[in-house]
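Undergrad: Got a predicted structure plus its sequence, pasted below:
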4 protein chains.
Amino acid sequence: MIIVTVPGISESALARLIEHVEAAGLRTHVSRGEHRTIVGCIGDEGLLSDHGLTQLEGVERVLPVLKPYKLASREFSVQSTAIRLGDAADTVIGGRDLVVIAGPCSVEGREMMHETAHAVQRSGARLLRAGAFKPRSSPYAFQGMGEEGLKILAEVRAETGMPIVTEVMDTRQVELVASYADVLQIGARNMQNFPLLTEVGRTQRPVLLKRGLSATITELLMAAEYIMAQGNGDVILCERGIRTYETATRNTLDVAAIPVLKRETHLPVMVDPSHAGGRAHLVAPLAMAAVAAGADGLIVEVHPHPATAKSDGEQSLEPSAFASMMQQVRSVALAVGREPSWEVELASV
Amino acid sequence: MIIVTVPGISESALARLIEHVEAAGLRTHVSRGEHRTIVGCIGDEGLLSDHGLTQLEGVERVLPVLKPYKLASREFSVQSTAIRLGDAADTVIGGRDLVVIAGPCSVEGREMMHETAHAVQRSGARLLRAGAFKPRSSPYAFQGMGEEGLKILAEVRAETGMPIVTEVMDTRQVELVASYADVLQIGARNMQNFPLLTEVGRTQRPVLLKRGLSATITELLMAAEYIMAQGNGDVILCERGIRTYETATRNTLDVAAIPVLKRETHLPVMVDPSHAGGRAHLVAPLAMAAVAAGADGLIVEVHPHPATAKSDGEQSLEPSAFASMMQQVRSVALAVGREPSWEVELASV
Amino acid sequence: MIIVTVPGISESALARLIEHVEAAGLRTHVSRGEHRTIVGCIGDEGLLSDHGLTQLEGVERVLPVLKPYKLASREFSVQSTAIRLGDAADTVIGGRDLVVIAGPCSVEGREMMHETAHAVQRSGARLLRAGAFKPRSSPYAFQGMGEEGLKILAEVRAETGMPIVTEVMDTRQVELVASYADVLQIGARNMQNFPLLTEVGRTQRPVLLKRGLSATITELLMAAEYIMAQGNGDVILCERGIRTYETATRNTLDVAAIPVLKRETHLPVMVDPSHAGGRAHLVAPLAMAAVAAGADGLIVEVHPHPATAKSDGEQSLEPSAFASMMQQVRSVALAVGREPSWEVELASV
Amino acid sequence: MIIVTVPGISESALARLIEHVEAAGLRTHVSRGEHRTIVGCIGDEGLLSDHGLTQLEGVERVLPVLKPYKLASREFSVQSTAIRLGDAADTVIGGRDLVVIAGPCSVEGREMMHETAHAVQRSGARLLRAGAFKPRSSPYAFQGMGEEGLKILAEVRAETGMPIVTEVMDTRQVELVASYADVLQIGARNMQNFPLLTEVGRTQRPVLLKRGLSATITELLMAAEYIMAQGNGDVILCERGIRTYETATRNTLDVAAIPVLKRETHLPVMVDPSHAGGRAHLVAPLAMAAVAAGADGLIVEVHPHPATAKSDGEQSLEPSAFASMMQQVRSVALAVGREPSWEVELASV
C-alpha cells in the first residue's frame, strides 16, 4: 500500500501518519519526490485496508499494491484447475476440452425436460441446465417448480447420464439442492450474497459462479475466494454480460474478461451467451467469440418452443438452432486448439 | 403491450401472431401505418411478458405499455405513505418531517456505540444505524459482531430511546434480527435477493430497502413490490449511489432518482450520502443536494475515530463534522418547506 | 509514478527497468516489500506517461502519482476564479453570486427570442442562451438558423442588456461566433474536440465548457487545460449529466462532481439541469440540488411553447414554470449562503 | 410513434392531443385498452420527434416505432456494401475477405514507419494505419507530426503499395488529409462532431468511422447517416470498445455490436482490439473473438519498440507478436468461412 501525501505536508503530520501505519503492524518506507512525498507500507495491507487513512491530516490518496484474492489467484496455483464432474467423472471443465451446458431457463414440466435433454445431448451438450428455483424480477412471475423440479431433473439425469446444473438462491435450500444437483449455480444477482457463498463453500459440490450485473473482475474473484475460503476449491467462473448504457442487447458481453481471468486466476472460465445478448440471433456469434477468446465452455438456454417459454423465451434457442450453433462453435474450437467434447451430428451434415 | 412487426409482414404471419396473443388470453387491435403494422395487445401483459414473442415470424420489437409494479405505484395510492417508527411511534418517515438516521458502519463494541449514539442524538439524529452482520467483499475482512452486536444495539436503544436500523443478510437470520431491530435494512447487494425480500415481507417490521449497485429505478420498485406482496407495506426506499465509470467518487449519487420516485411511488425515499460519495468531504454537499431534491430523510455514517474504523472509515464523519452537516442540512430543509426533526445545537451556535 | 513489479522479478530485469526510467530523465527509488518490489520514479511523469512501461519485463502495473492538469488545478491557484461578463462586467460567475443563464435550446425566430428573453429576465436570469448552430444526432433534424440566429441574439442583447451564451461547433466558425457571443459554449459532444478547444483558447471570450457524455472529471479538467494552455483562463465548467444504464432520465446528473471540482480546481462550476434530467418536471429539483451542493450557477432551457419546440421540447420549461423554479432556487441559494442575483418577482408573490 | 396516455385521460385532453398530432401532418389511430388509451401516429415521425409531446396534458410516454437511420439501414440496401480500396482497387472491405489494417498509433519518423510497414505487410496486413494529427487528452502530450507525417505515409505507400488510413480531426484539414489518405479515419472522440462528418461526407474518400466512447449502436449509425447524407456511401464502421465501470481493461469491447450491426446495416464492420483492451496481451484474444463474431476486418496497433512509443505503447504489439496474432486470426477466419487476405508467413511456420 502506498500513501500519497499532499504537497508540502508538514513533518509533524508525516510523523503522525507513519506512527499510525506502524501501530497497525506494518513497516514504512518514505520516498521524497520533487512534488510529493510518498509512504510505502510494507506488510499485510489487510490490516489497514478499511481504515479511513484518507482522513488523516496530509493524506491525499491511498494506492493498494497487492491483489485482494489469494486462493483464487494465479500466484497461488500456476497450474490451471480442471474440475471433474458427474458420477463417471469423465467430464472435465478447465482442461483442453470445450464443454457445453444446455437446457431451458426453467424446469416447466417432465415432458419438456426430457425432450430438451435428449435434443441438446444429441447435439453435443455434456451437462443439462434448468432452474427449479428461479430469481424473477417480478413477484407475480413464475417462480419455478421447486423440489418437484429437482426431482424431474434427477429423473432426466438417470435416463441420459447428463450431470445437472441448477441454481440455488437461499441458504436454507443449499442442502436440498446439493442433494440433487451435480453443480450448484450461483446466479448473477447473488454473486455478493455472502452467506450463500459461504454455505455452498461448505458443500462438496462444484459451483458455477456467475458474474454480477455490474461486478468488476476483482469482485468476481473475491466472490470465488469466499467459496474457496470454506474449503471448496471447485469454482467455475461464468461471464454472462454486464450492464451498460447500450440497449440493443440485454447486457454487454465482456469478452475481454476471459483473457483477463485466464491471467489472474487458475479457475475455469465459462460464458453464458444467452443472458449476455438476450436475443436468440446473438447466441451463436457470442458463443463463437467466447470460444475464440479462450473460454473453457458455454452455458446456453435451449427451449423446445421459445415463444411459449415461461421465462427467457426471447433468448432461448430452438433445438435446431442449437444444433447449428454447436457445429459452428466446434469449428472455432478446433481453430483455437480446443478439443470440443462432441462430434458433428450425422443428421445435420 | 404493443408488437411492432417487420416491414411487409405477410398476412399469414400476422394472423398467426394474433392467434398466439389471443391464445394467451389478451385481445388484439391492429393498426396499419405507412411503414409498419402494429398489434396492440389489450389485457394483462403479464400473461405474455416472458414469452419469446420476438421469436415469432414477423415480429420486430415488443413495447410494454404498463408498469410492472402495482402495490408500490402512485396509482395504487395517491396519498404518500408515512411510516411511524419506534415504541412511541413519534418518528414519522414520509411525512413533512425530515428524519436523519446516523451511526457507525459496524457495531465495533459497547463503548463506541454509546459514544456515537449520544453524539448523533445530540446533533439531531432520530434513529441509530449500525451493522451487526456485515456484507464484506473480502472473506478476510471483519464480518460483524453478530448477535452480540444486536444486544449492544438494544442496550443503546434502551438508554437513548433511539430506534435501531440494522441490516439482515440471510433468510435464516430474519427472525433473530427482527426481534432486536426497529427497521430491517436490506443492503444494496441484496436488493434482488428475492427469498430475503419475501422473508422480510412476512415480518411486521418496516424495511429500509437500498437500491442495488446497478439497479434501475423500476427494479428498485419491483424489489419493494416483492416485500409488499407479502403483506408488509412499510417499505422505505433508499438511493445510495449507482455504479458508473467515474472513479473520483465511490458511486454516483443519482439525485434525480428522488423526484422520479416521488412521482412513481407513494413510498418514502431516503438517501445515503456516505456510500454515494465514499469520501467524508462529500457527505455534507450530497446530503444537502438530496434534501433540496425532495428526500424524506438521510442515513449517514458517523464514527468517533474514522481513521481506525473497522469498515468504511474513508466515508465516515467524525461527530463534529456530523454536527456541522446537520446545521447545513437544516437550513436547506427549511428552504424547501420541510420540518427538520431537530433544532440547532446550543453548543454549536 | 510508481512501478509495481511482478513477484520475484529478477535483478537483471529490475536493473533494465531502472535504466529505462532513468534514460527518460527521471530518478528512481527502489523499495523492497515482502511481496513486491516497487520503483518510485521522481521527476516529470509526462516524460514517461505514454511509454508502454507495462511491456517491459517484470512490470505488473504503473500507478501515476501526480495529477495531469496544472493551470486548472487548485494548487496552481488557491483563490477561486471569478469571471466578469457583459459590457458592464457586472455579472460575475464564480463569486458569491448565484447566476442563472436561460433561454431556448435553439433560436427559432425573432419573436420567440424576444418573448423568451424578456420572460427569463423578468424571473431573474442574467444571461441568455440559445443555439444558432445546433449539434443534432440526426442529419434530417433542424440544424439551427446559423448567422441569422446570431444576429437575432445580438438584437435581443441590445434590447435587454443580457449577455449571450451560444454554442460553437466548428473551428471555422469560432471567429464568427466570437464576434457575436459574450460566452462561447462548447457542447458535451465536443468536449474532446481538441482543435476546437485550442481555437476558443485563442479568443478573448469566456468559454462555457460542458462535460462530455461519458467524460471523467479528470478529462473535463484536461479539456479546460487545453483552453487555458492557449492563454484563455476564463473557463466555466458545466456538469450536465453523464450517460449511465438508467433510462428513467435522459442522463444521470453527477451532483457529486460539483464538490469534487470545487476541491480540484479554481474554475467556476455551473450545472445544466435541463439536459441532465431531460424531463421538464425534473428541472426544478435538480436545479435546487445543484445549488445546495455548491454550484456557482445554472443554465436552463426555457421555451414559450415546449410542445412545438424545434428541439429539446421535452425538457424545456414554460416561462411560468421557470419563474416558479427561480423562487425555489432562490430559497435554497440563501440557505447555503449564496447571493442569488435576482429578487422574487412581485407578480408571483 | 405511439403515445401512451395517463390512466383516465379526459376526452377533451385526448381531443387536444389528437389535434396537436394531426396539425403536425400525421394521422392518428386511437386504441382504448383496459388500463390505457394509446394513440398511434401514422406518417413521418420526424415531424414530431423533437416536440415536447410529453408536456401535453394527459401524455405519459412516447414510444418511437421507426428507426431513425435510412441510408445506413438494411432496409435501404439488402445487399452488403463492399468497399474497394487503393489504386488497384484490389482490397475489398465488406466482402468475403477478412482485411487487417496495422501500424503504429502515430507517425514518429521516417525510419520507424518503413520498418513497421514492411513488418506488418510481411505478416499479412493490407492497409497501413498511423496518425499524423493526434487527439491527445493532454495538451502537453505529443500532438503528431502534422503534414510532415502525411508525407512520410505517402512515401511508405509508394514503396509498399499499402493504402493509408489516417485520422482527420479538424474540418479545416479534411482537404489536406484527403489529398494524402486512402481512407479517412474519424476517431471515437469525433463520432458526433457533426461538421466534420459533413465535411468528410463531401469527399470521395472512404471513411473509417469509430464508435464513440459511450455511443449507442443507433448513434453510430446516425453518425454514418450524416456522412452518407452528403453523398459518400463508403463508410466502414469500427467497434473499438465502450466505456464501462470495469477498470481491468481500457474499454469494454462490445463484441455483440458486430452481429447487431450486421443485422441493422449493410455497411462493413471492423474492430479495433488494441483500443478496446488497452493491453498488448489482450489484442490477440479480442481479435479472434471479433472475427469469430463476424467482423469484416481488424485495425491493430503495431510498434517496433512499444516501451518507447510516443503514444499507446501499452497496447501496441511488437512485430513478432503481431505475426503470431495473424496466424491465430487466420485459423479462426477460416473456421467461420472468411477468406483471410494473407497466407501464413513461411518464416514462422
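TA: Cool, the structure landed. Residues are numbered from 1 along each chain as shown, chains lettered A, B, ... in the order given.
Undergrad: all helices for chain A, in order.
TA: Taking DSSP state H to define them, one finds helices in chain A at A:11-23, A:110-123, A:147-160, A:174-180, A:194-201, A:217-228, A:257-264, A:273-277, A:280-292, A:319-335.
Undergrad: Throw the ones you listed into a markdown table and include distance to chain D, thanks.
TA: Every C-beta, even on glycine, is put in place using the N, C-alpha and C of the backbone. Listed next are these as a markdown table, based on distance: least, CB to the nearest CB, whole Å:
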| stretch | distance to chain D |
| --- | --- |
| helix A:11-23 | 26 |
| helix A:110-123 | 18 |
| helix A:147-160 | 29 |
| helix A:174-180 | 30 |
| helix A:194-201 | 21 |
| helix A:217-228 | 5 |
| helix A:257-264 | 4 |
| helix A:273-277 | 5 |
| helix A:280-292 | 4 |
| helix A:319-335 | 4 |
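Undergrad: Ranked by average pLDDT, which of those falls at the bottom?
TA: Sorting the helices of chain A by mean pLDDT places helix A:11-23 lowest, at a mean of 94.
Undergrad: do you know how far whichever residue of the stretch 1-150 of chain A sits closest to chain B is from B:Lys210?
TA: Using CB to the nearest CB, A:Gly52 is the residue of the stretch 1-150 of chain A that sits closest to chain B, at 2.5 Å. A:Gly52 sits 21 Å away from B:Lys210, going by CB to CB, to the nearest Å.
Undergrad: which one of the two has more residues nearby?
TA: Ranked by neighbour count (other CB atoms under 10 Å in any protein chain shown), A:Gly52 and B:Lys210 place B:Lys210 first, with 26 against 23.
Undergrad: Spit out the contact partners of the nearest residue to A:Glu314 once chain neighbours are set aside.
TA: Distance criterion CB to CB, 6 or more residues apart in numbering or on different chains; nearest residue to A:Glu314, sequence neighbours excluded, is B:Gly52 at 4.5 Å. The contact partners of B:Gly52, taken as CB atoms under 8 Å, 6 or more residues apart in numbering or on different chains, are A:280, A:303, A:306-307, A:309, A:312-316.
Undergrad: Could you do A:Arg330 as well?
TA: Counted by CB under 8 Å, 6+ apart, A:Arg330 has contacts A:124, A:340, A:342, A:344.
Undergrad: The first one: how many residues sit nearby?
TA: Around A:Gly124 sit 23 other residues, with neighbours defined as other CB under 10 Å.
Undergrad: That one contacts A:Gln328, correct?
TA: No. Using CB atoms under 8 Å, A:Gly124 makes no contact with A:Gln328, being 11.7 Å away.
Undergrad: about what we covered before: now render the helices of chain A as TSV, adding distance to C:Met145.
TA: Output for those, formatted as TSV (distance: least, CB to CB, whole Å):
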stretch	distance to C:Met145
helix A:11-23	58
helix A:110-123	62
helix A:147-160	65
helix A:174-180	66
helix A:194-201	59
helix A:217-228	50
helix A:257-264	48
helix A:273-277	44
helix A:280-292	43
helix A:319-335	53
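Undergrad: Please name whichever of those helices is nearest to C:Gly40.
TA: Closest to C:Gly40 of the helices of chain A is helix A:11-23 (CB to CB; 15.9 Å).
Undergrad: helices and strands around the closest one, which ones?
TA: Where contact means 3 or more CB pairs under 8 Å, 6 or more residues apart in numbering or on different chains; DSSP states H and E, helix A:11-23 is packed against strand A:2-5, strand A:27-32, strand A:37-42.
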